[in-house]
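K.L.:
Coordinates for the following, if possible.
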Amino acid sequence: MKNSLKKWTNWELWPFGLRYLNITPMWALYCFKARSPWFFSASNPTLTFGGFEGESKKEMYEQLPPNSYPKTIYIQPATPFEKVLADIAVAGFKYPFIVKPDVGMAGILFRKIDFEHQLNYYHKKVPVEYLVQELVDLPMEFSVFYYRHPTLKKGVITGLLQKEPMHVIGDEKTTLLGLIQNHTNAKHRQEELVAWHKEKLDIVLPTGEKYYLSHAANLNRGASFHNLHQEIDDKLRDVFDKLNLYSKSFFYGRYDLKASSLEDLKKGRFLLLEYNGSGAEPNHVYHSGYSLSAAHKEILKHWKALYEISVFNHKQGIQYTPFGEGRRLLQASKKHFALLQKLDNEV
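P.N.:
Sure thing, here's the model as predicted:
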């Protein structure tokens, strides 16, 4: 009863559709004015569907500056495992590293691989193309929401977050299983986390030692967000103007990245993890004290920018995704993510 009451009194815990219900008519109005339900597809012309859903990480990485993202190779599911191991060795990977679907979202099937048998199991179970990526050993993860009108050389940073993946902290007494059971969020995902960490459930962590239960800093993976809006300044804008202009056709979205410190971030010293296009949520409205009405106001500001960028690009000759193709993309994406979600509970 207590958990149920907490869920319904905290709008951040509501289902996605309910959180957005009151402002959905504005989205419909933008579709009507643009004469396309897929108006957003023109926002980032070189990303599939404008980066709304179903785009691959490969196409995104190919448009980022060289050496700005972690070392990455792509694995087809039908590849013999011996060749997978050979490809990883040739690329110079050492354990641990990260694996995740090339077309993925919300940290689904994002895994840290410590041993060969874990990779073998993942390769056997995951029937879609996935990537092997260097584990970025930098202590701080950030999200930067940035958009730029195509007529301008300077953009706007609307959100700056530090993200912390879900973790427990040792006390020299409690086993990892006990820490999971006592954790505010982790205890509600005990079955999943026990499966992920089954080889370490009996360990007792030293006092103060941090142990990550997930390496994906997503809300649905129990991550915590810290709003750093007051740190947005000209230095940060200059860094992301330069980065964004390199890609030429990225006009609206969110950069997820890692750095050693906020100071390094402002000096352009970081590694990009992902760029999320028109489907990116302004996630700085979460864990930041926003009321639902204030969150709606912030989201609507972003939707307006998305609409204006998309309509401008359309007037320059960039076509909206045709109705039938957009419908097919959404249906294929829905089917794809349903499969990944099912596997995520098994792998």
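K.L.:
Strands along the stretch 1-150 of the chain, start to end?
P.N.:
Ranges of strands in the stretch 1-150 of the chain, per DSSP state E, counting those that start in this stretch, are 72-75, 97-101, 111-113, 130-134, 140-147.
K.L.:
How about the stretch 151-300 of the chain?
P.N.:
For the stretch 151-300 of the chain, applying DSSP E, counting those that start in this stretch gives strands covering 156-164, 167-169, 210-212, 224-227, 252-259, 271-276.
K.L.:
So, low pLDDT: which residues of the chain?
P.N.:
For the chain, the stretches with pLDDT under 70 are 1-7, 220.
K.L.:
longest helix of it?
P.N.:
Criterion DSSP state H: the longest helix present in the chain is helix 292-315.
K.L.:
Pull the residues that contact whatever helix or strand comes next after it.
P.N.:
Moving toward the C-terminus from helix 292-315, the first helix or strand encountered (DSSP states H and E) is helix 323-344. For helix 323-344, the external contacting residues (Cβ atoms under 8 Å, 6 or more residues apart in numbering) are 36-38, 41, 48-49, 53-54, 101, 103-105, 108-109, 125-128, 321. In short, each C-beta sits where N, CA and C put it, glycine included.
K.L.:
and with 6 Å instead?
P.N.:
Defining contact as Cβ atoms under 6 Å, 6 or more residues apart in numbering, one finds that helix 323-344 is touched by W38, F49, E53, G54, I108, L109.
K.L.:
Stretch 266-281 too?
P.N.:
For stretch 266-281, the surrounding residues in contact (Cβ under 6 Å, 6+ apart) are 40, 43-44, 47, 50-53, 60, 64, 68-70, 136, 235-236, 239, 252-259.
K.L.:
And stretch 32-40, by the same measure?
P.N.:
Identification of contacts with stretch 32-40 by Cβ under 6 Å, 6+ apart yields C31, G50, F52, S278, L306, S310, V311, Y320, T321, G326.
K.L.:
Endpoints of it, how far apart?
P.N.:
The straight-line separation of the ends of stretch 32-40 (Cα to Cα, to the nearest Å) is 12 Å.
K.L.:
Report the buried residues of that stretch.
P.N.:
Residues of stretch 32-40 classed as buried by neighbour count (16 or more other Cβ atoms under 10 Å): A34, S36, P37, W38, F39, F40.
K.L.:
try stretch 253-271
P.N.:
Per 16+ other Cβ under 10 Å, stretch 253-271 contains these buried residues: G253, R254, Y255, D256, L257, K258, A259, L265, K266, F270, L271.
K.L.:
same thing with stretch 18-26?
P.N.:
Applying 16+ other Cβ under 10 Å to stretch 18-26 flags R19, Y20, M26 as buried.
K.L.:
re earlier: please list only the buried members of the contacts of stretch 32-40.
P.N.:
Buried subset of these (neighbour count, 16+ other Cβ under 10 Å): G50, F52, S278, L306, S310, V311, Y320, T321, G326.
K.L.:
mind checking how far the third one is from F337?
P.N.:
I take that to be S278. 17 Å (Cβ to Cβ, to the nearest Å).
K.L.:
what phi and what psi does the backbone show at the residue nearest the centre of the chain?
P.N.:
Residue closest to the mean C-alpha point of the chain, counted by Cα atoms, centre = their mean, is A106 at 5.4 Å. Recorded main-chain torsions at A106 are phi 60, psi 30, according to degrees, to the nearest 10.
K.L.:
Hmm, N218 and it touching each other?
P.N.:
Yes: using Cβ atoms under 6 Å, A106 is in contact with N218, at 5.2 Å.
K.L.:
Show me whatever sits in contact with both of these two.
P.N.:
Counting by Cβ under 6 Å, 6+ apart, nothing touches both A106 and N218.
K.L.:
Look up how far V168 lies from L177.
P.N.:
Distance, L177 to V168, by Cβ to Cβ: 10 Å.
K.L.:
got it, and N185?
P.N.:
10 Å.
K.L.:
same deal with M26?
P.N.:
Computed as Cβ to Cβ, the M26 to V168 distance reads 41 Å.
K.L.:
Also L245?
P.N.:
42 Å.
K.L.:
What of E281?
P.N.:
Using Cβ to Cβ, we find E281 at a distance of 27 Å from V168.
K.L.:
swap in R328?
P.N.:
43 Å.
K.L.:
Kindly report the same for S224.
P.N.:
13 Å.
K.L.:
show me the contacts for the residue of the chain most remote from its centre.
P.N.:
Distance to the chain centre peaks in the chain at K173, reaching 34.5 Å (criterion: Cα atoms, centre = their mean). Contacts for K173 (Cβ under 6 Å, 6+ apart) come out as none.
K.L.:
Spell out which residues sit in contact with I108, please.
P.N.:
I108 makes contact with L340, D344 under the criterion Cβ under 6 Å, 6+ apart.
K.L.:
and the gap between it and A216?
P.N.:
Counting by Cβ to Cβ, the gap from I108 to A216 is 8 Å.
K.L.:
ditto for A106
P.N.:
To A216, A106 is 8 Å away according to Cβ to Cβ.
K.L.:
Equivalent analysis for P70, please.
P.N.:
Look at P70 and A216: by Cβ to Cβ, they are 14 Å apart.
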